[in-house]
Every structure is written in C-alpha cells, then in structure tokens.
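> could you look at this predicted model? Sequence included:
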Amino acid sequence: MSEESDVRTPAQIEADIARRRQDLAVTLDEIAVRVHPKTIADGVRSRAAAAVDRTAGRAYVAANRAVTGARNQLVGPDGSPRLERIVPAAVAATVLVVAVVGLTARRRHR
C-alpha cells in the first residue's frame, strides 16, 4: 500500500464523522430507553411476576404431592378405601374436634 491510499479526503472524513455521530445517537437513544423509569419498573415487574409464577408452581407441585400421598395412604391401588387406615384417622380427627370444641366452650363459660 502506498501512502496516498492511507490518506482520506475531507469528504471521507466528513462521512465518517456523520456515520459515527449517527451511531452515537442510536446508542444514546438505547441508553435512554434502558434507564427510563418505566423500562426499569417494567423489568422489575416482569421479574417479580416470574418469581411469583415459579413460587406458585412449586407450591402447586408440593400440594399435589401431599394430596396424592394422602390419597395413596387412604385408597388402595384398585380405588377401594383402606378402612384399616381411614377408621383410626377419622377417630383421631373426631377426638381432636371434640377436644377443641370442649376447650372453647369451657373458656366461654368462665
């Protein structure tokens, strides 16, 4: 390459300056959008919604597992109730309810 090919004309320099000025304007516009309060709030809102969705999904899965586990304890593989497990659970629940009602009535009576 010769030295003459490395030399740019004033028109080339002006065109380069205009192109860089345009690139800079685009970059500044992008920065302005990114730091705008609405953009920041929308981003925070989106991340919060995603976190809530993940938490709700995990809670649903956990609740579904608990219900399935309880059902498997109280219902046999063929769908018939397991009375040997249901009856003691029902008796325990009844005793608990009677105890709570009795304590509540006793406190009100005083």
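Received it, and whenever you're ready, just let me know what you need. Residues are numbered from 1 along each chain as shown.
> tell me, how many residues neighbour Asp42?
Residues lying near Asp42 (other Cβ atoms under 10 Å) number 11. In this view, the C-beta of every residue, glycine as well, is placed from N, C-alpha and C.
> show me where the protein has helices.
3-6, 10-35, 37-74, 83-109 (DSSP state H).
> and the chain, what are its domain boundaries?
The chain breaks down into these structural domains: 3-81, 82-110 (assignment by automatic domain parsing).
> reformat the helices of the chain as TSV; add mean pLDDT.
Formatted as TSV, the helices of the chain follow (pLDDT from 0 to 100):
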stretch	mean pLDDT
helix 3-6	64
helix 10-35	95
helix 37-74	94
helix 83-109	90
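> distance of Thr27 from Pro37?
Relative to Pro37, Thr27 is positioned 20 Å away (Cβ to Cβ, to the nearest Å).
> quick one: contacts for Arg21?
Residues near Arg21 by Cβ atoms under 8 Å, 6 or more residues apart in numbering: none.
> ok, back up a step: of Thr27 and Pro37, who's got more company?
Thr27 (10 against 7).
> separation between that one and Arg106?
Thr27 sits 76 Å away from Arg106, taking Cβ to Cβ as the criterion.
> okay, now Ile86: neighbour count?
The burial count for Ile86: 13, using other Cβ under 10 Å.
> my read: it touches Leu74, true?
Yes. Using Cβ atoms under 8 Å, Ile86 makes contact with Leu74 at a distance of 5.6 Å.
> any buried residues in stretch 70-80, and which?
Buried positions in stretch 70-80, judged by neighbour count with 16 or more other Cβ atoms under 10 Å: none.
> ok, and what's touching that stretch?
With Cβ under 8 Å, 6+ apart as the criterion, stretch 70-80 contacts 81-82, 85-86, 89.
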